[in-house]
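> can't give you the sequence, but here's the structure:
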């Protein structure tokens, strides 16, 4: 079904400010703490959490911040959202910083890289779209529809940023200058995924109607039914093969849709699976987080030809969900782990058994207050012989 919608436009800039809440350096903290605590730790580690080489690691965050969305910036920095109202980043040097959003309790959800060099994110509670510069200046923009609940977000081929509205039943687009246009979808739509497609259009999932949708840069919307009933299509990503891929949390499948709307579904290798976040790696494969039987968690890979392989996540625990995923310039996977309150990273080669995994993996915890007494560093010992 196709329809041209009437756009609703707004370009009001609500407020602009910069507030760096916490900045801390995991590698330096770990090295200093190890020197003072070598006696009771009983081991010596070269603390190199360098994010281009560590097979797997987790970077815990302070204050039960609840990391949700994650994306790679144009400069290679990994950016993420925190439910408590912060935007965080991890630089290639391993430095973690957090920036408080100007609006309190804004509940940032998803984040994406914009064509203007900034990162853009949704603020579900504040009914706003935010942008943050590489240096940390945050600007927020009102969405015209009240209580629209902006959720997923993506950069488009047209240089704008597109987003979904959970309760507004609309697809929104915002220019780099902050002008917002909304395109209505049918009432009762529940759109939790959106992605820039290889065909120049923007694609989205609509779990309310069990469809995958496409919107052109001019606002023409088409929707295509997912073959499996109650599939609950959720995350979505443009593939290197010219198609668009999506997860089906309800059916446990991975779906592929062509630019013309033909859908193919692929079964996961596990039983009672629930695929979650997605990312595409440099080799063209799609990786996704998987929840199996409610507790056992895995990371899955699907090739462009539809071959699915799943691997255990070495640091998994009960109810460990890899919420959202991204890929850095070196091809490593990065993801948010809500209940671990951490950012995780792992090398696909390590999962595939192509590189050795060290017996000890540094894990960093920093409670930032600017004093050494408030900083804790610790190491988890993990056996990964089964990888």
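Nice, I can see it. Note that the coordinates shown come from a computational prediction; the quantities given were computed from them, not determined experimentally. Residues are numbered from 1 along each chain as shown.
> CA only for contacts and neighbour counts going forward, please
Fine.
> Could you double-check that residue 127 sits in contact with residue 142?
Yes. Using Cα atoms under 8 Å, residue 127 is in contact with residue 142, at 6.4 Å.
> Please say which of these two ends up with more neighbours.
residue 127 (24 against 21; other Cα atoms under 10 Å).
> For that one, give me the pLDDT.
Predicted confidence (pLDDT) for residue 127: 98.
> Which residues are in contact with it?
The contact partners of residue 127, taken as Cα atoms under 8 Å, 6 or more residues apart in numbering, are 106, 142, 143, 146, 147, 148, 149, 150.
> Buried members of those into ChimeraX, please.
Of the contacts of residue 127, the buried ones can be selected in ChimeraX as follows, counting by 16 or more other Cα atoms under 10 Å:
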select :106,142,143,147,148,149,150
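> Please spell out which residues along stretch 220-237 are buried.
Applying a neighbour-count criterion of 16+ other Cα under 10 Å, the buried positions in stretch 220-237 are 221-224, 226, 230-237.
> just stretch 66-80 next, same as before
Buried residues in stretch 66-80, counting neighbours by 16+ other Cα under 10 Å, are found at 66-74, 77-80.
> any residues touching stretch 187-194, and which ones?
The contact list for stretch 187-194 (Cα under 8 Å, 6+ apart) reads 151-154, 162-167, 169, 202-209, 234-237.
> which residues of the stretch 201-350 of the chain fall in strands?
For the stretch 201-350 of the chain, the strands defined by DSSP state E, counting those that start in this stretch occupy 202-206, 211-215, 220-225, 233-238, 244-248, 253-257, 263-267, 273-280, 286-292, 296-302, 308-312, 322-327, 333-337, 342-346.
> Need these in a markdown table (columns: distance to residue 116 and mean pLDDT).
Shown next, in a markdown table, are the strands of the stretch 201-350 of the chain (distance: least, Cα to Cα, whole Å; pLDDT from 0 to 100):
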| stretch | distance to residue 116 | mean pLDDT |
| --- | --- | --- |
| strand 202-206 | 18 | 98 |
| strand 211-215 | 22 | 98 |
| strand 220-225 | 25 | 98 |
| strand 233-238 | 20 | 97 |
| strand 244-248 | 24 | 96 |
| strand 253-257 | 29 | 96 |
| strand 263-267 | 33 | 95 |
| strand 273-280 | 22 | 88 |
| strand 286-292 | 26 | 83 |
| strand 296-302 | 31 | 79 |
| strand 308-312 | 36 | 83 |
| strand 322-327 | 19 | 90 |
| strand 333-337 | 23 | 90 |
| strand 342-346 | 26 | 86 |
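> nearest to residue 89, of those?
Among the strands of the stretch 201-350 of the chain, the nearest to residue 89 by Cα to Cα is strand 342-346 (9.9 Å).
> now the closest one and strand 322-327, what's the angle there?
Interaxial angle of strand 342-346 relative to strand 322-327 (axes from the mean of the first three to the mean of the last three Cα atoms, to 10 degrees): 50 degrees.
> about what we covered before: mark which of the buried residues of stretch 66-80 are part of strands, please.
Among those, the members falling in strands (DSSP state E) are 67, 68, 69, 70, 71, 72, 78, 79, 80.
> distance of the second one from residue 112?
To tie it back to what came earlier, the one meant is residue 68. For residue 68, the distance to residue 112 (Cα to Cα, to the nearest Å) stands at 12 Å.
> The fifth one too?
Here residue 71 is placed at a distance of 6 Å from residue 112 (Cα to Cα).
> Excluding chain neighbours, what is closest to residue 334?
Excluding its sequence neighbours, the residue lying closest to residue 334 (Cα to Cα, 6 or more residues apart in numbering) is residue 345, at 4.4 Å.
> residues near the one you found, how many?
Using other Cα under 10 Å, residue 345 has 25 neighbouring residues.
> ok, now residue 199?
16.
> That one belongs to a helix?
No. Residue 199: not assigned to a helix; according to DSSP: H, G, I helix; E, B strand; the rest coil it is coil.
> what would the contacts of residue 127 look like in CSV with secondary structure?
CSV is the format used below for these (three-state DSSP):
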residue, secondary structure
106, coil
142, strand
143, coil
146, coil
147, coil
148, coil
149, coil
150, strand
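> Identify the farthest-apart pair in the contacts of residue 127.
106 and 146 (14.3 Å).
> Run through the stretch 1-150 of the chain and note the low-pLDDT ranges.
The stretch 1-150 of the chain contains residues with pLDDT under 70 at 1-55, 63, 92-94.
> Helices of that one, start to end?
Remark: helices assigned in the stretch 1-150 of the chain by DSSP state H, counting those that start in this stretch are 26-41.
> got the residue ranges for the strands in it?
Counting by DSSP E, counting those that start in this stretch, the strands of the stretch 1-150 of the chain are 3-4, 8-10, 13-18, 20-24, 56-60, 67-72, 78-82, 86-90, 96-100, 108-113, 119-123, 128-132, 137-142, 150-155.
> Run through the residues that contact residue 337.
Neighbour list for residue 337: 67, 68, 320, 321, 322, 323, 343, 344 [criterion: Cα under 8 Å, 6+ apart].
> no wait, residue 242
Neighbouring residues of residue 242 by Cα under 8 Å, 6+ apart: 197, 198, 199, 258, 259.
> Setting aside sequence neighbours, what's the nearest residue to residue 104?
Per Cα to Cα, 6+ apart, closest to residue 104 is residue 85, 6.5 Å.
> ugh, wrong one, residue 173
Counting by Cα to Cα, 6+ apart, residue 173 lies nearest to residue 162, which is 4.3 Å off, once chain neighbours are set aside.
> for the one helix or strand that neighbour maps to, packing partners?
Assigned by DSSP states H and E, residue 162 falls within strand 161-165. Using 3 or more Cα pairs under 8 Å, 6 or more residues apart in numbering; DSSP states H and E as the contact test, the elements touching strand 161-165 are strand 150-155, strand 170-174, strand 193-196.
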